[in-house]
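A.B. asks: Fold the following.
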Amino acid sequence: MGGSCDRFTQTNVMHLVANNHRGQSKLAANAPYPSVDAGRVATLLKQCPKAAPTPLVDASELTDSSTLWVKDERPRMGLGSFKALGAAYVIARQAAEASSDPDATTLNGRTYVTASAGNHGLSLAAGARVFGAKAVVYIAETVPESFATRLRGIGADAVRAGSDYAASMQAAQDAAAKNGWTLLSDSSWAEYTDLPYILMEGYLQMAAEAVEQCPEVPTHIFSQAGVGGLAGAVAAYARKAWGDAPQIIVVEPEAAPALQASIVAGKCVFADGPDSIMGRLDCKEPSLIALNGLARDADQFLTLSDWEVTDLLPAMAKAGLETTASGGAGIAAALSTDVREALGIGNAAKVLCFLSEVSD
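C.D. replies: The predicted structure follows:
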């Protein structure tokens, strides 16, 4: 993306890494920490008729012992993912800044552009449609045509470019520069932090709801991560609400340990590796804002192989928590016997996880 990360070669070794940067200075000096201003999000969402809290599900039946709470983001604003709180929130905030009474014409003439292989593009398209802007979403050649059809169904232009996400993001950046469009990525890099900062702020709604809904303070919080937006927002708000009480564990695909590798290196790292079935977590470069926040707030960084996640998806579905490998990676980590033993998760533990998207 921004060319600000060094390169790390994946060795395909799954492991748990303790964060030795916890509570220390930023790893990326040119990026901020995540926002913790959940009040700004809640105020704006009150104006959205589709906005409503998502449920916290007691899924303790999945464990042999301990309590397991799952924040279920599948119903979020009718878009099937926590990312409904991201790009659409940024666009809504810009509409509110442009007019005291924003409507379907407020952002006429403005075009938002991004690259996406899933939920971020849908959020951008939905937000643009509500306020009269145009949405252009670049997708790689490998992205299913069904996703392009969904984007077009809510008014976006879906444009194929490149063989992978990185190539489609470069195409989106080039189009923004050439046409004067607003680039709205769900990641951040050197000299591109303002809009991603607001986008991550939108995710605080999910974290704030979880804080209100949990009957007790969790002992452990598992958050899956791609570029780190969800995990970074959750960790920042959890520390604000609960202090040091919970252990916070970040879960990544073994094939894309960008955050874990960056923590080990003490700087932003580009993590080479094969493709993962956890496609929406298969991000080889972290968001700098998320990296700063997680270096400060997270306790452990964990990688899981594809099969360790997919083997547990049927049990999740049977318990009413059907999702993708990407959406269920944090839950899979919390259910793993090896992980529970390594972290000392016993009978008295109270574990919070996030189910981030509907099944494909």
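A.B. asks: Please enumerate the strands of this protein.
C.D. replies: For the chain, applying DSSP state E gives strands covering 6-9, 16-18, 56-58, 67-72, 111-115, 134-139, 157-160, 182-183, 220-224, 247-253, 269-272, 300-304, 350-355.
A.B. asks: Describe which strands the longest one pairs with in its sheet and in which direction.
C.D. replies: Right, the one you point to is strand 247-253. Here strand 247-253 is paired, per DSSP bridges, with strand 220-224 (parallel), strand 300-304 (parallel).
A.B. asks: could you give the angle of the first one to strand 350-355?
C.D. replies: With axes from the mean of the first three to the mean of the last three CA atoms, to 10 degrees as the basis, strand 220-224 and strand 350-355 are set at 20 degrees to each other.
A.B. asks: Give me the below-cutoff pLDDT ranges for the stretch 251-360 of the chain.
C.D. replies: Applying pLDDT under 70 to the stretch 251-360 of the chain flags no residue at all.
A.B. asks: before we move on, back to that, how about a markdown table for the strands of the chain, with distance to Gln170 and mean neighbour count added?
C.D. replies: C-betas here are computed from N, CA, C, even on glycine. Output for these, formatted as a markdown table (distance: least, CB to CB, whole Å; neighbours: other CB atoms under 10 Å):
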| stretch | distance to Gln170 | mean neighbour count |
| --- | --- | --- |
| strand 6-9 | 17 | 13 |
| strand 16-18 | 30 | 14 |
| strand 56-58 | 39 | 15 |
| strand 67-72 | 34 | 24 |
| strand 111-115 | 8 | 25 |
| strand 134-139 | 9 | 25 |
| strand 157-160 | 13 | 17 |
| strand 182-183 | 11 | 18 |
| strand 220-224 | 25 | 28 |
| strand 247-253 | 22 | 28 |
| strand 269-272 | 14 | 20 |
| strand 300-304 | 27 | 25 |
| strand 350-355 | 30 | 27 |
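A.B. asks: Adding distance to Met169 as columns, could you present those in CSV?
C.D. replies: Shown next, in CSV, are those (distance: least, CB to CB, whole Å):
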stretch, distance to Met169
strand 6-9, 17
strand 16-18, 27
strand 56-58, 34
strand 67-72, 28
strand 111-115, 4
strand 134-139, 7
strand 157-160, 12
strand 182-183, 9
strand 220-224, 21
strand 247-253, 19
strand 269-272, 13
strand 300-304, 23
strand 350-355, 25
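A.B. asks: which stretch among those comes nearest Pro102?
C.D. replies: Counting by CB to CB, Pro102 lies closest to strand 111-115 out of those; the figure is 15.0 Å.
A.B. asks: Show me what the closest one is packed up against.
C.D. replies: Secondary-structure packing of strand 111-115 (3 or more CB pairs under 8 Å, 6 or more residues apart in numbering; DSSP states H and E): helix 87-98, helix 119-131, strand 134-139, helix 165-179, strand 182-183.
A.B. asks: right, and those - which one's nearest Ser60?
C.D. replies: Of the helices and strands packed on strand 111-115, nearest to Ser60 by CB to CB is helix 119-131, at 27.7 Å.
A.B. asks: and that closest one, what's its mean pLDDT?
C.D. replies: Across helix 119-131, pLDDT averages out at 95.
A.B. asks: Give me the residue ranges of the stretch 1-150 of the chain where confidence is low.
C.D. replies: 1-4, 6-14.
A.B. asks: Next up, the contacts around Ala133.
C.D. replies: Ala133 is in contact with 91, 107-112, 127, counting by CB atoms under 8 Å, 6 or more residues apart in numbering.
A.B. asks: ok, now Thr182?
C.D. replies: 110-113, 176, 195.
A.B. asks: Mind doing that once more with 10 Å?
C.D. replies: For Thr182, the contacting residues are 90-91, 94, 107, 110-114, 124, 128, 133, 176, 195, by CB atoms under 10 Å, 6 or more residues apart in numbering.
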